[in-house]
Each structure stands twice: as structure tokens, then as C-alpha cells.
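Colleague: Whatever this is, show me its structure:
(chains A, B, C and D)
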Amino acid sequence: MDLTLSPEEEAFRDELRAWVAEHHPGREPEGDEAAFQFRRDWQKQLYDAGWAGVSWPREYGGRGATLVEQAIFNEEMVRARAPQLANVLGLAMGGPTVIAHGTEEQRQRFLTPILSADEIWCQGFSEPDSGSDLASAVQVRPLRQITGEAEFNELFLEEARIPDENIVGGEGNGWNVAITTLMHERATLAFGLQVAAKIALAELFARARETPLDGGSAADDELIRQRLAQLYIESEVLRLNAYRGLTATMKYGVPGAEGSLGKWHWSELNQALTELALDVAGPRAQLWDDPWTYRFLRARANSIEGGTTEILKNIVAERVLGLPRLR
Amino acid sequence: MDLTLSPEEEAFRDELRAWVAEHHPGREPEGDEAAFQFRRDWQKQLYDAGWAGVSWPREYGGRGATLVEQAIFNEEMVRARAPQLANVLGLAMGGPTVIAHGTEEQRQRFLTPILSADEIWCQGFSEPDSGSDLASAVQVRPLRQITGEAEFNELFLEEARIPDENIVGGEGNGWNVAITTLMHERATLAFGLQVAAKIALAELFARARETPLDGGSAADDELIRQRLAQLYIESEVLRLNAYRGLTATMKYGVPGAEGSLGKWHWSELNQALTELALDVAGPRAQLWDDPWTYRFLRARANSIEGGTTEILKNIVAERVLGLPRLR
Amino acid sequence: MNFDFNDEQRAIKESARDMLASRYPLEEVRRLALEHERGFTDEQWRELTELGWPGIFVREEDGGQGLGVVELVILQEELGYALAPTPFFSNACAGLLLAAAGSDEQRERWLRPLAAGEARGTLAQLDEGAPMEPTGSSLTGTKIAVADAGSADFLVVAVGEGRHFVVETGGEGVRIEPTRGLDPTRKLFAVHLHGAEGHQLEQDPDATDRAYCTMAVALAAESTGVAQRALDMAVEYAKDRKQFDRPIGVYQAISHRCAQMLLEVEGARSVSYYAAWALDHEPESGALAAAMAKAYASDAGWRVPASSLQVHGGIGFTWEHDLHFFLKRGRANAAALGDARFHRERVAELAGV
Amino acid sequence: MNFDFNDEQRAIKESARDMLASRYPLEEVRRLALEHERGFTDEQWRELTELGWPGIFVREEDGGQGLGVVELVILQEELGYALAPTPFFSNACAGLLLAAAGSDEQRERWLRPLAAGEARGTLAQLDEGAPMEPTGSSLTGTKIAVADAGSADFLVVAVGEGRHFVVETGGEGVRIEPTRGLDPTRKLFAVHLHGAEGHQLEQDPDATDRAYCTMAVALAAESTGVAQRALDMAVEYAKDRKQFDRPIGVYQAISHRCAQMLLEVEGARSVSYYAAWALDHEPESGALAAAMAKAYASDAGWRVPASSLQVHGGIGFTWEHDLHFFLKRGRANAAALGDARFHRERVAELAGV
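Modeller: Have a look, this model is predicted:
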């Protein structure tokens, strides 16, 4: 058992940290279009420096890094508050799926443009009604969320024809490919999530210290201290479970079901964190002028996006515990 | 809306209260046999004075009281810390079932001995394996619980023959009769439960005041105050829901599904109450010499006995909310 | 012992539900919330006035209907269920304080027109920074999260030691500025006072406390209605939406969640009704009952919509779906007039912990 | 970065599990708990001694194996999983304090025989009433909930200001009386001292604090094992038991409950291992990590068995079923060496809230 970084891992981290410190492009501009272009430029910059897709094979534009280095990369990017990438889903889901299930032609065709953000990928998993018929070509409409923002899109496919050579994993193998896609999403995103949780928690600590309460601050209040401490412990458990999962993945080669556990756990943690933040805000929680109000609303989706908590618990029960499946 | 008692209801309560104050037999003796005889004697005394089965029809030995009076009876008995009756299940389940579904012969045969505790009833609903074959005559063996006590029995039936005239509700009508039995159990026991919860809570308040903590008492501690207050609110909600259910039952004639809600809610409340008591005890929770240790263990059965919480939630979902049933 | 409405109360409840359902379909709620500056139309206010709602709790001598807290709570529950954007509640808060502590002259000047729906008031309670300290009858400072101030004729301004001042919004030194609230169905404003003239109400701690208890219970009842609607939406969705060839309502992750929502909604309802009854008929229990109601409904009021959102999955998180308005109202209500923790501490104190 | 045991650690874990499974089937646990006064046999203790367990964390110079907290935690998790009644842990508590703050002479006198399994100690921490105040080296007062004191050769008695005294149980003025604990698998005693002679350990706050952190982590690991076993029992039961023609494990009320138990067990395990590693290799993180581990495992250690009991239904509530022993151990552990709240407050402090 060794929870410190090896000299190679430390060198990787230090190199990355120095590079990010030098090239960090500052705050994201306002407005959807501008923000998107900003993220695209940032990803291109990473790609040009060899930092996009660090764990992808070198022959497709990656760095061939270890899983630990990939985890370090994710942690460092969050820690530096680096901008998001334009092509998160291509990097986290599409690319790994093509690497795992694609033909050599597909890899040559698709992987590099994912890394360079020349081609942006999206994921289309949810349908308005299960069993619905997919109904002229592709239409995309932004989907506003309860926070007022548009982060997702509605995608309308009407008799869209997909060329045979674009089927990944062969015909009739869709479920298997979809599962891999989701497992990659969960395993790789988890590291970013746990660091994001830690940053949010640090901000909440600061908020509590700055909020006056009964002559002191909210951070002196025993109830709030207990809840902050519990969240701190949960965030550490999330981090440590992710590292244990990573060690197992490196040993056994495939991401396990721990990713499902982590995604579910993170969503509960993040929701609890934003709920506590609004409690700390007290009567001011009625106002919109607080970043935590937005976060509270945004966090409601955490237990839905990328696999609902209900489905994740099913997966844990069936695949980890071996409980029987309802038929 | 009138949550006060009518003059008739007040008179009923005052008469009962005076009677109980005069006839209360004091503390139950040690030992299972002695305790049982004590309870049996107490019930006989109630029966002789006309206080057993207050809401049962007068022709079968009851008092013909209203549901509100039945509720007052249950509350008063708990409030006076009157001994338990020997024949709780006969009074709460067996009797009401015979009244609802029995033939006139059955009513004449069985009801009065239930009230006088001349015949003790038990309920046999749980089997070691579902679908098990019931296997010479009737054997009874006490079943010890995790608290170390024997409150339930195991009942072995081996080729026991039941005379036709003892079938209640007719052959093939078992499920319907069973449901009535359970609904009566829940509706009638609920009033006793909510008062029991209030008494337990008052004892917990006292315990908190007596427990030294940080120079004051545990009752001065903000975390404990918040939890005590929440339990107080829940106990009031339990009481008020029971009264709303009672009003509805009086209006519509049959006990509704609120009984399921109340039983489930009470079990959570009582478990939370005993959990808080052990937290108040701090390191002394390791010791057995505290009545709350016993209560903490005993409370684990609350969410199982008389219908598990899982089954009660199913009932609420299907019968109150009209959600579809899994087939 | 009868825990049910009488015939008159039932009639109020049913006509309120029917009227609100016809006037405030969710498209109208959405339109008022997102496109209307004040959040309600004159026509809508006139209709409520014709029904006598603004004066429902005001004594007949002061031009009201002389009904009780139970009747106010009935309207509030239905307003919450409909999620009707209206200044009804903010106006009622001002009216309750005037009725409790207004002099004869003050009641004549502000309460009578309020009861008649001819003038509206609102309560300005929350300070931006340090508590507002009046100099004689002159008020300076900023109050935030004041509901419907932009369309109110006067404010009841709370300052230290349980004192209240009426300030007319058209007077000198009053500047009112819209602020964005979490809940777009209730319009919030910042009120800046610079030497504004205030008319002090009488200091009657018991009567004022009862007024605040009544507001808390009325808001608890509103949250009960909000939660009930969110539950109804969840149940309907759980019956219709299919996954893996079955309606999702057959899965216990959904059905038990709905059962839990029912437990919370029924609990909030029982304790709100009880508190209303106690304020009307058993004053010695009123303060404790009101604190219980607001504490319980503060939690249930947003947890139930949040739970309903989880039942709905992704669709419930979209702006196009109406559920988010219920979540926002419920959470904003939880923060208004004392949060759950504040009221639990009051319960602890009054229950003798 | 490698969050897994090395080969030696894995070998310790596997041999511990195999040995404990063969020596402590649940009938034997039950027999020791209910029928045996001391809770263990000489033969059982001898076997642990032959394996070198009592001295596992003791330096080789003092006659131990010179291994770390990680190895101690491995044994503790397996002892919890087996629910083995043994004085191993109480003895380790005394040993950790002697190793931390014993003088050369004291270590020679008490730690070396402890490491060799030839003498046993235990920690007497909890005061019956007012804190014990020594007069010179003379101790008077009562300590309660002292594990295995009835079979111990000496006690390490904690008094104010971080001071500790070794008191031999055979000495003058020492009376030891069995008390019934919540958990029958660990025998508790009251220790009455009347002018008993104590040998004071050195006052080294850092070393003593590390000893207490180590005890907390070791107990957290034990609770992790307890919880894991309760989960395994629940999963097995959920696969076998049928209701409505299906194994109950297909119902989400059961399967999601089991998933939640897994989350808590894995969390307790991760944080206990991490804390053990930190105490061995990253001392500056040790205190915070230990507080996290004990806080988390205090909760999981009894909630998981309670949840398993719910999965089992009525049968789980019977005395004949073994589950209750796990619930009782878990809950007693939660109360020992600082409860969850105490350790969360420590986390708040050390994490800089």
C-alpha cells in the first residue's frame, strides 16, 4: 500500500502543473457562443502541447499515460480551475468507445479530431418515451434547464441515415458498446468529480467563515461544523474509493462497477453540499444573487445525468453484489 | 374543525380516568408466568367493570362506544401507564375480524371469552419460508428476541384439523379476512402507539436534562435540542394524522390506509428516538444497565412486526396513491 | 373531536380550487413568472378582491370577512397548489400586523382599504446589513427580499424590539428596486429608505407574535399545497412513463419514494391545519403549533418537489417542465419567516426541552 | 500510487481469515458470548500468541514483530468479520500506550510480556463519575466499561491532562467486577481503585495522541469487518428468501438497501486503510485521517447491521439468529473511544472549518 506518487508520477504532475500555470487562459467569457469558442481554443492548445487524451495511445494523438497519470491530469485541471474542454463527451465516452470497439479505420478517422476539438461529440441516450419510434435528418435544439441555462440539447432524428462504416462494435452489439461507453464515462469522470467536490467544499468552508451568526461566524456553529465535517469525510471517502477503484482497474484491466458507486455517491455529496450552503445562507436563500442558489438547482440533476441513482443502485446490486435481476 | 372533546367524550374520559386511578394494580411482577397472570387479572377486572372492548357491540359484552371514545380509551390507558392486557391480539385483531366476517354462532361463541381473557388469541401470519407446507397437532415454543426476552412464540402445526364451523368469512375468503384483520390492528393500535411515543419522548427529554454535558446538560446542547424538537414534531404529526384518519373513518365507515402510514411513521419515530437516547448516553451506551439500551434493540423490530415498512409502503403506494402493482 | 372542515370551510376550499385551476393554468403561471414585471394583472387582483379574499381574516368592523386562521390557511394551501403568482400573501402579512397592532386610526387608514382590496401592503423584514434603527419616526436603511413591494401602496417595516412602522411607498425617501429571487413566481424587491417617514404601530408583543405565528402557518399551508401538487405530478408521471416495459411506478425505488412524499405532505397538512385551529381556538397552544407547522413544512415544501423531480428524471430538470417552479417556491418558502432550524429551536423551547 | 496490500499484508489477511473462520464459527462465538465468563479460552489465546498477534505492532527491540498500523488494521478487520470474542484489542490498547510512553524499564516490565502473549493489559479510560485524580502514585476511583479487565494482568489507567498509570490487577486496592455490556462478545468490567499503586508513564502528548489515533483506526477497521459480515448475510438471505414467488433481492426496497450498505462498508474500509497508512507513512495526516475513520465507521458499524436486520425481517430479530451479535458489537464500538460526533468535531477542527 502506497498512497504517495512515484517519482515518475510526481514528475508528470509537476510538468503539467507548470504548463497549466503558464498557459491558463483566465476566466471564461460570458455568452454561450463565446464560452464554447473559448473552450475549443483551450482544448486545441492542450492538444498542440500533447496534453489532450493523456491516456490514449500515442498512435492516435494521445500521450500513452498510465491511469494514475490520467487521474492526476483530471485532478490538476480541476485544482487549477482550468477551463472546461469543448469536447468532454468525445474525450470521456466517444473516444474510449472507438478505441475499445472501433475498427482501425474508425480509429484513424475519428480519434484525432476528438482530441483537437475539430469535431465535437455528443451523447444521445435519453428518449422522451421508451420504445418511441425515432422519427428527416438531424435537428438540434438547445434544451434549457431549471437553472435557466442550456447545457444539453434536444436532438431530433428524422429518417437520418447512418453509413454502415460508422457502426461501432458491429451490428447488434449496441448494448455492449453502450455499457462500455457508460463505464468509461463513470470511471474517467470520477476523478474530476471528487476534486470538484473538494473545491466546492473549500468554498463552502470559506462561505461559512464569512457568514456572521450569533456574534461569531457560521463556521463556529456546532450544527454547521458537524455537517461540514461529515461532508469533508464523505469527500475523502469518494477520493479514496476512486483510488482503490483505480488500483483495481490497473490490476484487472477493466473499469469495475466502483464507478457506479462513485457517481452515485458524488451526486449525493454534491446535493448535500449545496443544501447546506443554502442553509448557511439562511433567509438570503430566497435571493438569486448567490452562486450557491444556482449550484443548488444544478445539483438536482446530479442524481439523473449520466445514469440515474436508481439505475446505478440496480447496477451495484446486480453486478457487484450479485443480487438477482427483476424479470 | 374541532379538536376539542365533546361534553360526552369528556365525561367518558373523566369516568375512565377516575376508574383507572382507583383500580390500577401497580407494577407488573417479574417473570413471564407471573406477568401473564397479572395481565389476565387486569383484563378480567376491566371486563367486569365494562371497560374491555369499549367499541364492541353491547350484545357481545362490549360498551358500544364511538371510535373517538375507543381512541380516548387507548390514550388514557397508556397515559396512566396501565398494565398491558393479556389478550391484545384477540381484542385488536381476532375480535374485530369475527365481528366483521363471523357468523352469528361464531360471535356468540368467541367474542365474550376474548373480552374476559378466558380465551387468549394469537395471530399466526409469518412462516419460516413462504410457500412452506404447514406440517401432528399444535405445538407452541417461545421465540427469544435479540433483547433476550420471549414476547412471540413459534407455533408448529402438524396435521392439525380445524372444524368447519371455525372458518371465519367462509372458505376461499382468507385474503380478504386477513386484510381486514391487519387494517383493524393498525387502525386501533395506532392511538396507543402515538401516546406511547409521547411518553417515551417525555422520558427522553428528562434523560437529556439529567445528562451532564459540557458544564450544562444534554438538553442545552443545540444539536440534541434540534433532534428532540424534530422528534416532538414527528410525534405530533403522528397524533394529528391519527385524528384525521379517525375523522375520516367515522365519516366513511371503514378504516382507511392511513393506518399503514401511521404504523410506518411510528416505527421510524420510535427507532429515531431510541437512537438519539443512545447518542445522549455517549460512551455509556456500551453498557446494558440502561433501559434505553433495551429499547434501542426492541425498536429494531418496530419496522418488521405488524407489517414490515416495505409492505406498508407498497400498500400506501397501491391503495392510497393508486400506483400500479408489480406482477 | 372532528378533524375536518365544516360545510362553509369546505365550500371555500372547493370554490378556491376551481377558480384557481381555471385562472392559473400552468401556462399562465409561467407567463406571469417569466414575462410579467409585477407577476399579476389588475384583473386577477380584482377577481380575488371580489371574492373578499384580501380581508378574509380581517374583522368585520374593519371591513373584512371576520373569518379565522383556518380559512386563511385553506386559501393559502390552494394558492400553493395552483402556484398562483399573486400578492395575496404579502398583503396578508401587512394586514395581519395592522390588525394586531394598528391603532383605530391606523386600521381605518390602511387596514380597511387593504381588506377591500383597494390598497396593498407588504412586510419589509429582512435587513441588508445591520438592523435598521429608527430616529424618531424617520427610517433609514435597506430591507431586502420584500415581496411585491414594487406594486404595494405601503410597507410594514419591522425594526428591533418588535417595533413596526408603516411607510407609504409613494412617500419621500423611499426607493424600490426589483431583485431576482430564487422563486420567479413571487416578485422580490429591495427597499431603500433614506429618512422615510414611518407611522409606528402599537407595541403589543402578544398580538404581534400571534400575527407572525399566523404568517408562518399560512406559509406552511402554502408549502403544503406546493408539495401536494408536486406529489400529484410524480404519481401521474409514475403511472404513465414506461421503462423496461413496465410503468415506472411499479418499481419500489419510485413507489416507495412517492409513499414517502405522501407521508410528508399529509404530515405538513395535519400540522398546518392543527396550528390554524389552535390559533383560532386554543391560543395557549398556538405558538408551539405554528413553530411545528413552519418547521415541518419548510422541509417538506422543497424536499417533496425535489423528490418529484427525481421521479421525473431528465424531463423534470428541463425549463419547459413546470416542476421547477414548485421546487423554487418550496425552497424560497423554507427560507422565509424563519427556517426549519429556527422553528425547531422554538419548538424545543416551547415544548420544554 | 497503489491502494492495495503488498504480498506480505495479503498473506496476513488471508491466513487470519482462514484461521478465524475455522476457530470461530458462529456457534463458538455464541458459546463464548453467552456461556463463557471471560469470553475466550486459554487455548484460543495461545493460538493467537503463537501467530505473534499480540506483538504485531510492537518494535522488535521490545519483543514484537515490528509491523505497522496497516497490519494491525488487517487483523482487526478480520476479527470484526469473524466477530471473534478475544481480548486482542483491549490488550493492544494497553500495548500501544506502553509502546508510546513507557520508559525502557516499563516497556521491559509490561510491554515485552504483552508482546509475547504472556501477560495481558487493558485500557481503563471511562470514569464512573468525576474524573479520577491521583495523589502521587496512588489512585482512587471507579473506571467503567473496561474491556477484559477480569482476565487482565495490568491496567493502563487514563487520568486528566493526558497522564497514564499502569496498575497491576493483583495489587492492593484493586477490585474488578463484571458488568453486563450491550455487546456480549466483549466482556466489560468496572474497576474500583482504592489507593491502588500506579506507575506513571511518560507524558509525551504526540506519542500518546498517536496511540489513541491508532486505537480509533483499529476499532474502525473492526467495525468495517462487522459491517461487511452483516452485508454478506443480507445478500445471501436476499438471494435465497422468496416472497410473492421471487427472491426478495429482486425488489429495490431490498436491493437498493444492500447497495447502500455496500457504499457504507466500502467507505469505511477505504478510510480505515487510508488512516492506517497515514499513521505509518504520513504522520502529519494521521490525526485527521483517524478521526475521519472512526466517525465514518462508528455510523456504518451499526447502521449496516441494523439495515441487514431489516432485510432479514422477523427471523433477524430472533435470539437464535446470529445477526444481533453484529448489531450489538457495531453499536458498542460506535460508543467506544469517542463517538461519531466527537470525531466529526475533531475533523472540523483539523480540516480547518
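Colleague: State which one residue of the stretch 1-150 of chain C is found closest to chain A.
Modeller: The shortest separation between the stretch 1-150 of chain C and chain A is 4.8 Å, found at residue C:145 (distances taken as Cβ to the nearest Cβ). Yep, even glycine has a C-beta here, placed from its N, CA and C like the rest.
Colleague: So that residue belongs to a strand, correct?
Modeller: Yes: secondary structure of residue C:145 (DSSP: H, G, I helix; E, B strand; the rest coil): part of a strand.
Colleague: residues touching it, list them.
Modeller: A:283, A:284, A:286, A:287, C:126, C:179, C:181, C:188, C:336 (Cβ atoms under 8 Å, 6 or more residues apart in numbering or on different chains).
Colleague: how close does it get to residue C:26?
Modeller: In this structure, residue C:145 and residue C:26 are separated by 25 Å, where distance is defined by Cβ to Cβ, to the nearest Å.
Colleague: Same question for residue C:41.
Modeller: Plainly put, residue C:41 is 16 Å away from residue C:26 if you go by Cβ to Cβ.
Colleague: now residue A:196
Modeller: With distances defined as Cβ to Cβ, the gap from residue A:196 to residue C:26 amounts to 34 Å.
Colleague: who has more neighbours, the two?
Modeller: Regarding residue A:196 and residue C:26, a neighbour count based on other Cβ atoms under 10 Å in any protein chain shown identifies residue A:196 as having more, with 19 against 16.
Colleague: Would you agree residue C:97 is in contact with residue C:164?
Modeller: Yes: in this structure residue C:97 lies within contact range of residue C:164 using Cβ atoms under 8 Å: 5.7 Å.
Colleague: starting at the chain centroid, how far to whichever helix in chain A runs longest?
Modeller: Of all the segments of type helix in chain A, defined by DSSP state H, the longest one is helix A:174-210. Mean C-alpha position of helix A:174-210 versus that of the full chain (Cα atoms, centre = their mean, to the nearest Å) differs by 5 Å.
Colleague: Quick one: list the elements packing against the following helix or strand past that helix.
Modeller: Under the assignment DSSP states H and E, the closest C-terminal helix or strand after helix A:174-210 is strand A:212-213. Judged by 3 or more Cβ pairs under 8 Å, 6 or more residues apart in numbering or on different chains; DSSP states H and E, strand A:212-213 has no packing partners among the helices and strands.
Colleague: residues from the stretch 1-150 of chain C in reach of chain B?
Modeller: On the criterion Cβ under 8 Å from any Cβ of the partner chain, chain B has as its neighbours in the stretch 1-150 of chain C the residues C:1, C:2, C:3, C:4, C:5, C:6, C:9, C:70.
Colleague: again, 10 Å this time
Modeller: If contacts are counted using Cβ under 10 Å from any Cβ of the partner chain, the residues of the stretch 1-150 of chain C sitting beside chain B are C:1, C:2, C:3, C:4, C:5, C:6, C:9, C:68, C:70.
Colleague: looking at it, the fifth one is touching residue C:77, isn't it?
Modeller: No: using Cβ atoms under 10 Å, residue C:5 is not in contact with residue C:77, being 11.2 Å away.
Colleague: More neighbours: which of those two?
Modeller: residue C:77 (27 against 17).
Colleague: How is that one classified with respect to secondary structure?
Modeller: When classified by three-state DSSP, residue C:77 comes out as helix.
Colleague: Can you name the residues that contact it?
Modeller: C:13, C:16-17, C:218, C:220-226, C:228, C:268-269, C:272-273, C:276 (Cβ atoms under 10 Å, 6 or more residues apart in numbering or on different chains).
Colleague: Residue A:51 now?
Modeller: Contacts for residue A:51 (Cβ under 10 Å, 6+ apart) come out as A:15-16, A:19-20, A:23, A:43, A:45, A:63, A:65, A:73, A:76-77, A:115.
Colleague: Next, format the residues you listed as TSV and append secondary structure and pLDDT.
Modeller: Converted to TSV, those look like this (DSSP: H, G, I helix; E, B strand; the rest coil; pLDDT from 0 to 100):
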residue	secondary structure	pLDDT
A:15	helix	96
A:16	helix	96
A:19	helix	97
A:20	helix	96
A:23	helix	96
A:43	helix	95
A:45	helix	95
A:63	coil	92
A:65	coil	90
A:73	helix	90
A:76	helix	89
A:77	helix	88
A:115	helix	95
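Colleague: residue boundaries of the helices in the stretch 101-250 of chain A?
Modeller: Taking DSSP state H, counting those that start in this stretch, the helices of the stretch 101-250 of chain A run over residues A:104-115, A:174-210, A:222-252.
Colleague: before we move on, the earlier item: state the pair within the contacts of residue C:145 that is farthest apart.
Modeller: The most widely separated members of those, counting by Cβ to Cβ, are C:179 and C:336 (14.1 Å).
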